[in-house]
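In: here is the input, now give the coordinates:
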Amino acid sequence: MAFHIEFSRRARDNLKGLCKRDQQIVIDAVTVQLTHRPGHPTRQRKQLEENDLAPWELRIGDLRVFYDINPDKELVIVVAVGQKTHNILRIGGEEIEL
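Out: Okay, here's the model as predicted:
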């Protein structure tokens, strides 16, 4: 069962803030990692503790993709894309606490 992937408006805006190379890296990784079994934890995917952003995180080097899953519709919704440096997460130029 293949999941369809949608990017929220916020996630699309976050992607536009990245360089073209990083944009392509994120899009490729999301396609490979989240099309099949997006709710299965791996070294790159983990379920987050309750927070206001999203229940899942995909790690791509220093980039982070936050997403939600609707299994009934076989849909993955990418909520936000950020960059993590050490223990500081920035999404859209803003520091975020998870």
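In: for this protein, which spans come out with low pLDDT?
Out: Of all residues in the chain, none has pLDDT under 70.
In: longest strand in it, please.
Out: Ranked by residue count under DSSP state E, the longest strand found in the chain is strand 75-85.
In: for that one, name the packing helices and strands.
Out: In terms of contacts (3 or more CB pairs under 8 Å, 6 or more residues apart in numbering; DSSP states H and E), strand 75-85 is packed against strand 4-7, helix 9-16, helix 20-34, strand 63-70, strand 88-91. C-betas here are computed from N, CA, C, even on glycine.
In: list the residues that contact the residue most central in space within the chain.
Out: The centroid of the chain falls nearest to Val65 when counting by CA atoms, centre = their mean (1.8 Å). Contacts for Val65 (CB atoms under 8 Å, 6 or more residues apart in numbering) come out as Ala11, Val26, Ala29, Val30, Glu57, Leu58, Val78, Ala80, Val81.
In: who's the spatially closest residue to Ile88 that is not a sequence neighbour bridged to?
Out: In space, and not counting its chain neighbours, Ile88 is closest to Glu95: 6.1 Å by CB to CB, 6 or more residues apart in numbering. Legend: beta-bridge partners of Glu95 under DSSP bridges are Arg90.
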